[in-house]
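Peer 1: the sequence and its predicted three-dimensional model are supplied below.
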Amino acid sequence: MPSVKIPKKSTFTDMTPFVDVSFLILTFFIMATKFKPQEPVEITTPGSVLSQKLPENNAVLISIDSTDRVYFTILSEKDKSKFDVIIAGINSSQNLGLSPSEMANFKKTFAVGVPFAGLKQLLATDAKDQPKLKVPGIPVLDTLNNQLFWWIREAKSAFRGEKLNYLIKGDGASKYPTFEAVISALKKNEEFKYNLVTALDEIPAGTELYRREAAGEKDLKK
Amino acid sequence: MASIEEGGDGGHKKGPGVKKAKKLSTRVDMTPLVDLGFLLITFFVFTATMSTPTTLDLNMPKDVKDVKEQTEVKESSVLSIMLGKNNVIYYYEGKLKEDGSNFKTATYTSIRDIIVNKKKEVISRYVTDPACEAKAKAEGKPVSNCADKDFVVIIKPSPEATYKNTVDMLDEMTINQVRTYAMVKIFDQEFELIKVTEGAAPATAPAK
């Protein structure tokens, strides 16, 4: 009886297109990835419908975590000398008696979340070990001792003549009085324009903003 | 799998003594390459920060001590919104009545309709203002902007409101295109009223 012979096919598939595609995706992700910057604390920002981009240079970032602790960060990638000016200003105005090496460490310090009294200890700690320190946050709620005011004042004078953005990044669960105290510290420095850091939310359908966006209007704020 | 296929059987013999170089297949096993590629893709997918943060502009007015310099608003077109604890909103239109009868409660989902309705009401009461319309035309803005120029929302977060409540409310202003709004410190009287209302029936509402 003649048996039906099943032809043996090679299992060797041509993987070239597969490789092409996979490397294309890989390239995309490498290009699109921006590593998360180190954060002093985990902050979950509330959402907003505005899709404005966040300025990342020449900015002061004021973070409020979920337990109402306030942190202060300078964002100045291009000009590192600003850090020296600010810490020197704080040192002299508050009589902290920081050593030059401690002041140099300020550049590597990602966020200041201590009162002036604890600043020496924070700066004496190596930048890598700083996240392990327990910090109480910058005192702001006491209107007579709103220390954030001094930080903003120094930052403002260091960035004189340049545009300085004020970013406020608050955790959704933080209480309003802390936010108000941060605003009042900025107001005392004659600064009235701030950027609140938010996550992007979808524009709810059927609202006026939704209709305007659908109509292709660009400037949705107006 | 991982092998370079030996191509053919060395070709045909041309004759004795004629040695021909072995023809090697150009097919390379790409499996390890693909493995590595996908490993890297997985890594980058996980580390990629997809949600880029955005910003919400907030402009605060300068503190004005002098009463004369303070901005006056039409009482009938004002909506005061107070943010209480547990995501509850309290609001009143115009001026707060002595007996607190126009002091009402809302949630973050129902407040949108209240704002929209109030805005419609203000627009319906609009009497053509030629000066404003001429100005709008000169600046290239739509004339319809004049209709709701009187509409003002005053946001008063209580000390018990969260930051998320505040941002949600500011966002609501953008969503409903409220052109004039202000964030003001809550009055003691209003905070008392919130306390009283909360005492009567402790309300809670889910966050937006």
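Peer 2: Done, it's in. Numbers count the residues shown, from 1 in each chain, chains lettered A, B, ... in the order given.
Peer 1: chain A: helices as residue ranges?
Peer 2: A:16-32, A:81-94, A:100-105, A:116-124, A:148-158, A:176-188, A:208-214 (DSSP state H).
Peer 1: now the first one, how far from the chain's geometric center?
Peer 2: To tie it back to what came earlier, the one meant is helix A:16-32. 30 Å (CA atoms, centre = their mean, to the nearest Å).
Peer 1: dump the helices of chain A into JSON lines; add mean pLDDT, mean neighbour count and distance to B:I114 as well.
Peer 2: All C-beta spots, glycine's among them, are computed from the backbone N, C-alpha and C. Output for the helices of chain A, formatted as JSON lines (pLDDT from 0 to 100; neighbours: other CB atoms under 10 Å in any protein chain shown; distance: least, CB to CB, whole Å):
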{"stretch": "helix A:16-32", "mean pLDDT": "85", "mean neighbour count": "14", "distance to B:I114": "42"}
{"stretch": "helix A:81-94", "mean pLDDT": "83", "mean neighbour count": "18", "distance to B:I114": "45"}
{"stretch": "helix A:100-105", "mean pLDDT": "82", "mean neighbour count": "15", "distance to B:I114": "52"}
{"stretch": "helix A:116-124", "mean pLDDT": "82", "mean neighbour count": "17", "distance to B:I114": "46"}
{"stretch": "helix A:148-158", "mean pLDDT": "85", "mean neighbour count": "20", "distance to B:I114": "35"}
{"stretch": "helix A:176-188", "mean pLDDT": "86", "mean neighbour count": "21", "distance to B:I114": "21"}
{"stretch": "helix A:208-214", "mean pLDDT": "79", "mean neighbour count": "15", "distance to B:I114": "14"}
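Peer 1: so B:G37, which of the three states?
Peer 2: Three-state assignment for B:G37 (DSSP: H, G, I helix; E, B strand; the rest coil): helix.
Peer 1: number of nearby residues for it?
Peer 2: 20 (other CB atoms under 10 Å in any protein chain shown).
Peer 1: so where is chain B shaky, pLDDT-wise?
Peer 2: Confidence mapping of chain B against pLDDT under 70 gives the ranges B:1-19, B:48-53, B:63-72, B:200-208.
Peer 1: show me where it has strands.
Peer 2: Assigned by DSSP state E, the strands in chain B fall at B:54-59, B:78-83, B:88-93, B:104-107, B:152-157, B:180-183.
Peer 1: and of the helices of chain A, who's closest to B:D150?
Peer 2: helix A:208-214 (17.1 Å; CB to CB).
Peer 1: and the residue most central in space within chain A, what does it touch?
Peer 2: Taking CA atoms, centre = their mean, the centroid of chain A lies closest to A:L61, which sits 6.2 Å from it. A:L61 sits next to A:F72, A:T73, A:I74, A:L75, A:A111, A:L167, A:K169, A:V197 when contact means CB atoms under 8 Å, 6 or more residues apart in numbering or on different chains.
Peer 1: how far away is the residue nearest to it when sequence neighbours are not counted from chain B?
Peer 2: Closest residue to A:L61 apart from its sequence neighbours, by CB to CB, 6 or more residues apart in numbering or on different chains: A:T73 at 4.2 Å. According to CB to the nearest CB, to the nearest Å, A:T73 stands 14 Å off from chain B.
Peer 1: cool, A:V135 as well?
Peer 2: Relative to chain B, and taking CB to the nearest CB, A:V135 is found at 19 Å.
Peer 1: make sure that residue is actually in contact with A:T125.
Peer 2: No: under the criterion of CB atoms under 8 Å, A:V135 makes no contact with A:T125, lying 10.7 Å away.
Peer 1: now do the helices in chain B.
Peer 2: Using DSSP H, helices in chain B cover B:31-47, B:111-124, B:130-138, B:163-175, B:188-200.
Peer 1: what about the residue nearest to A:L61, neighbour count?
Peer 2: A:T73 has 21 nearby residues by other CB under 10 Å.
Peer 1: more neighbours: A:V135 and A:T125, which one.
Peer 2: Set side by side, A:V135 and A:T125 show more neighbours around A:V135, with 20 against 16, by other CB under 10 Å.
Peer 1: how about the nearest residue to that one, chain neighbours excluded?
Peer 2: A:G113 is the one closest to A:V135 (CB to CB, 6+ apart), at 3.9 Å.
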